[in-house]
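*Asks:* what's the 3D shape of this:
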Amino acid sequence: QAQLVESGGGLVQAGASLRLSCAASGRTFTGYVMGWFRQAPGKEREFVAAIAWSGRQTYTANSVKGRFTISKDNAQNTVYLQMINLEPEDTALYFCAAGRYVSTSNYDLPRIYNYWGQGTQVTVSS
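*Replies:* You can find the predicted model right below:
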């Protein structure tokens, strides 16, 4: 059974850094695009970043570009989201996702992703 488990969230002050991890297990995710999304209370799920299985192609939302970096370690079946200079607006539940049919035209659409984790909470205080 495929499983994505996020970790690394927490409560931090504005300007701090966090690194989120997503451990994939239960099936092979070779060829899948791995993504990070976030959802704040009362808002829709929002694309944050995605990375191709090869690691050679990444996508990052404009709202976090320059502050968030996605990476992966295929040997560890783990995807990371390094976040620096966190802002209160970054407060949300962060989800890891895996999609088999993600392309350059739809990588930011949650419905394209097949598997989801339960999320890890990031709270940034001002």
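*Asks:* Grab the most central residue of the chain for me.
*Replies:* Nearest residue to the geometric centre of the chain (C-alpha atoms, centre = their mean): Trp36, 1.9 Å.
*Asks:* check contacts around the closest residue in space to that one that isn't next to it in sequence.
*Replies:* Closest residue to Trp36 apart from its sequence neighbours, by C-beta to C-beta, 6 or more residues apart in numbering: Val48 at 4.3 Å. Using the backbone N, CA and C atoms, a C-beta is placed for each residue, glycine as well. Residues near Val48 by C-beta atoms under 8 Å, 6 or more residues apart in numbering: Gly35, Trp36, Phe37, Arg38, Thr60, Ala61, Val64, Phe68, Ile70, Leu81, Tyr94.
*Asks:* Remind me which helix or strand the third one belongs to.
*Replies:* In this assignment (DSSP states H and E), Phe37 forms part of strand 33-39.
*Asks:* Now do the buried residues in that strand.
*Replies:* Across strand 33-39, burial judged by 16 or more other C-beta atoms under 10 Å covers Val33, Met34, Gly35, Trp36, Phe37, Arg38.
*Asks:* again, but for stretch 104-119
*Replies:* Applying 16+ other C-beta under 10 Å to stretch 104-119 flags Tyr107, Asp108, Pro110, Ile112, Tyr113, Tyr115, Trp116, Gly117, Gly119 as buried.
*Asks:* Format those as CSV; extra columns: secondary structure.
*Replies:* Formatted as CSV, the buried residues of stretch 104-119 follow (DSSP: H, G, I helix; E, B strand; the rest coil):
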residue, secondary structure
Tyr107, coil
Asp108, coil
Pro110, helix
Ile112, helix
Tyr113, coil
Tyr115, strand
Trp116, strand
Gly117, coil
Gly119, coil
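*Asks:* Relative to Thr28, which of those residues is nearest.
*Replies:* Tyr115 (12.0 Å; C-beta to C-beta).
*Asks:* How about that closest one: what's its closest non-neighbour residue?
*Replies:* In space, and not counting its chain neighbours, Tyr115 is closest to Ala98: 4.4 Å by C-beta to C-beta, 6+ apart.
*Asks:* correct me, but that neighbour touches Tyr113?
*Replies:* Yes. The criterion here is C-beta atoms under 8 Å, and Ala98 meets it with Tyr113 at 6.3 Å.
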